[in-house]
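K.L.:
Could you look at this predicted model? Sequence included:
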Amino acid sequence: MRLIACLIARDEERNLERCLSSLSGVVDGICLVDTGSKDRTVEIARKFGAVVGEHPWDDDFAAPRNACLELAQGRGDWALQVDADEEFDRSSLESLRRSLSETPSCRLVEVALLDGTDKPGSVALPRLFRLDPRIRYRRALHESVLETLEEFGLGDPVPAPVRLIHHGYKPDAISERSKRERNVRILRRVRDRGEADAYDLYKLGTTLPAWDPKSTDRSDALEKAWSLALAAPSSARSRWPWLPVLARARALDRANQGHLQEAWDGLGSMPEIGPAFPVRSTRAEFLQRSGRIREALEEALEVLDLATPVGLVATHGKERGDLLHLAARCARRLGRSFLPLLEQSVSEGNIDARCDLVLLGIEKGVPSAWKDLDVLLRTHAGHPSALIAASEAARSQGDRSTSDLLLQQASSIPSEAALRAKGRLWMRAWLGGASPAFELPATDIENTAATALDRVVRGLPWKPDPFLVPDSVRRTLGEILQALLDAGREDAVRAFAANATGRDADLPGITTLVEGA
């Protein structure tokens, strides 16, 4: 059985030699289709004996992939799709050879997604398949042969113990921003041509940044993807490994606009998504946001016990690190042991957990804590979470001006952390005598309490999302009012008390929250 490595490339002289060297003695031939290189890509490919073809680039990955398969047709029996910024893990050579003698038309190959952290992600992709003219790529982006396998009844891909190592997500590789812009451009073009299905819209929604609450493009794509998924037969949905990730993305998007009950209900609207890791971890997050801290901790600890196998959707240490951090915060609020959870989250590469650990050291007077903060700021230069941590550290030392400056810097960096910084700046402005409007969505207890203060003081209508625990909202609102009193803002508290009268239907007990103020 002859194996042909199939690649497409453009301006890949930086990576190609490593890739093709790793294939030496592994494959029986190399076919490469160039999409317009201006560097030494073609020269390097020919040095390794590759058969080189050309195909013009038109924002469509499937077209040059299929051109490469045409080039390979008749030269071998099996194709191994490899990207130029990947290399073959030679420890899986024997497994690869055994796979070629087995029955399935297509095999799933593990692709390790190196990203510069100690916990790289991995994904199983249909990269090894027979050179059958019926097996071709579909989709302009995230192209795959899965649809033609299904169309011609060639069977589902079967996992093979074969591994590729992908270097394209390392910080020193091509910038993630340029990749995102290219991917968004391609997906928008597919959408605008009226050709986008649920998967295309899901990829568009999850590729667009999540931290701009005023942008509707991401929300529109996720909602349309969700509607198409709801309309699809359950037999089709059960074959979509990305459905739980869509459910999580759509739910978080709704929650980040302040619609927590709707987001929670959506997570339970399809039985196909119920037990998946992304869905259950999202449930834990929503429970924490709503004030159900004990339930959130229990859910998080249960989910952390679940295995997260390599599948058609990439798995990362990041998801586990995020959930460990959530569990640590919940345990700390409940007065339980949290440090082991926090340290585990740090070991998974969670930057927010590392910030919390540094601040905990400063709070406890650990001599090395300030050095740890310095290392944090140098290793994560410009990261908004690191800037927020430095702001809190400066504030703990009474350096208000430096603290505010660091928060301002954090708030100016497009990210979810920047939204946290903006919320803190709003509160500091109120404590300092100003009364700026709260412009962030009511995404959790804290933002809801801030929204309540702002709207009640201004005499505007307000009602918390029904998913939130009223006692927690009232308690957090009371803490804000007490902080205002302590800061000498009796005027704001009196205005709140006057306008809260008779609004107990909005929040039970709000009328008497500042009784006597």
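P.N.:
In hand now; what should we look at?

K.L.:
Now do the helices in the stretch 1-150 of the chain.
P.N.:
For the stretch 1-150 of the chain, the helices defined by DSSP state H, counting those that start in this stretch cover 13-22, 41-47, 62-72, 93-99, 146-151.

K.L.:
any chance of these in a markdown table, with mean neighbour count too?
P.N.:
C-beta coordinates here come from the backbone N, C-alpha and C atoms, glycine included. Formatted as a markdown table, the helices of the stretch 1-150 of the chain follow (neighbours: other CB atoms under 10 Å):
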| stretch | mean neighbour count |
| --- | --- |
| helix 13-22 | 19 |
| helix 41-47 | 18 |
| helix 62-72 | 21 |
| helix 93-99 | 15 |
| helix 146-151 | 16 |
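
K.L.:
JSON lines please, covering those and showing distance to residue 1.
P.N.:
Formatted as JSON lines, the helices of the stretch 1-150 of the chain follow (distance: least, CB to CB, whole Å):
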{"stretch": "helix 13-22", "distance to residue 1": "20"}
{"stretch": "helix 41-47", "distance to residue 1": "23"}
{"stretch": "helix 62-72", "distance to residue 1": "14"}
{"stretch": "helix 93-99", "distance to residue 1": "8"}
{"stretch": "helix 146-151", "distance to residue 1": "19"}
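
K.L.:
between these, which gets nearest to residue 31?
P.N.:
Between residue 31 and the helices of the stretch 1-150 of the chain, the shortest gap by CB to CB is with helix 62-72, which sits at 4.4 Å.

K.L.:
May I have the distance across stretch 47-58, first residue to last?
P.N.:
27 Å (CA to CA, to the nearest Å).

K.L.:
if we can go back for a sec, format the helices of the stretch 1-150 of the chain as JSON lines; extra columns: distance to residue 501 and mean pLDDT.
P.N.:
Supplementary listing: the helices of the stretch 1-150 of the chain in JSON lines, determined by distance: least, CB to CB, whole Å; pLDDT from 0 to 100:
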{"stretch": "helix 13-22", "distance to residue 501": "68", "mean pLDDT": "97"}
{"stretch": "helix 41-47", "distance to residue 501": "73", "mean pLDDT": "98"}
{"stretch": "helix 62-72", "distance to residue 501": "64", "mean pLDDT": "98"}
{"stretch": "helix 93-99", "distance to residue 501": "73", "mean pLDDT": "94"}
{"stretch": "helix 146-151", "distance to residue 501": "61", "mean pLDDT": "95"}
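
K.L.:
What are the buried residues along stretch 187-198?
P.N.:
For stretch 187-198, the buried set under the neighbour-count rule, 16 or more other CB atoms under 10 Å, comprises 187, 188, 189, 190, 191, 196, 198.

K.L.:
for the record, mean pLDDT for that stretch?
P.N.:
For stretch 187-198, mean pLDDT is 96.

K.L.:
now whichever helix or strand residue 407 is part of, how far from the centre of its chain.
P.N.:
Taking DSSP states H and E as the criterion, the element that holds residue 407 is helix 400-411. Centre-to-centre, helix 400-411 and its host chain are 26 Å apart (CA atoms, centre = their mean, to the nearest Å).

K.L.:
One more: stretch 107-126?
P.N.:
Counting by CA atoms, centre = their mean, stretch 107-126 comes out at 15 Å from the chain centroid.

K.L.:
Please shift the residue numbers so they start at 435 in all later answers.
P.N.:
Sure thing, new numbering starts at 435, so read that last one as stretch 541-560.

K.L.:
Export that stretch to CSV, keeping only CA atoms.
P.N.:
Output in CSV follows, covering the C-alpha atoms of stretch 541-560 (Å, rounded to 0.1, in the frame of the first residue of the first chain):
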residue,chain,number,x,y,z
ARG,A,541,-9.0,7.1,9.7
LEU,A,542,-8.9,9.8,12.4
VAL,A,543,-5.4,11.2,13.1
GLU,A,544,-4.6,12.9,16.4
VAL,A,545,-3.3,16.5,15.8
ALA,A,546,-1.5,18.0,18.7
LEU,A,547,-2.1,21.8,18.7
LEU,A,548,1.1,23.3,20.2
ASP,A,549,0.3,26.8,21.5
GLY,A,550,3.4,27.6,23.6
THR,A,551,1.8,26.4,26.8
ASP,A,552,2.5,23.2,28.8
LYS,A,553,-1.1,22.0,28.1
PRO,A,554,-1.5,22.0,24.3
GLY,A,555,-4.8,21.1,22.8
SER,A,556,-5.5,18.1,20.6
VAL,A,557,-8.1,17.1,18.0
ALA,A,558,-8.8,14.0,16.0
LEU,A,559,-9.3,14.8,12.3
PRO,A,560,-10.0,12.7,9.2
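
K.L.:
What's the first helix or strand after the helix holding residue 841?
P.N.:
helix 850-865.

K.L.:
Pull the residues that contact that following helix.
P.N.:
Around helix 850-865, the neighbours that count as contacts under CB atoms under 8 Å, 6 or more residues apart in numbering are 644-645, 647, 786, 817-819, 821-822, 825, 838, 841-842, 844-846, 869-870, 872-874, 880-881, 884, 887, 914, 917-918, 921, 923, 926.

K.L.:
roughly how far is stretch 670-688 from the heart of the chain?
P.N.:
So, by CA atoms, centre = their mean, the centroid of stretch 670-688 is 13 Å from its chain's centroid.

K.L.:
Return the set of buried residues in that stretch.
P.N.:
671, 674, 676-688.

K.L.:
Tell me which of these fall in helices.
P.N.:
Mapping the buried residues of stretch 670-688 onto helices (DSSP state H) picks out 671, 677-688.

K.L.:
from those, which is closest to residue 545?
P.N.:
residue 679 (16.8 Å).

K.L.:
Which pLDDT value goes with the closest one?
P.N.:
So residue 679 comes in at 92 (pLDDT).

K.L.:
ditto for residue 698
P.N.:
96.

K.L.:
Show me what secondary structure element comes after the helix or strand of the chain with the lowest mean pLDDT.
P.N.:
Using mean pLDDT, DSSP states H and E, the weakest-scoring helix or strand in the chain turns out to be helix 610-626, at a mean of 88. Next along the chain after helix 610-626, taking DSSP H and E as the criterion, comes helix 632-641.
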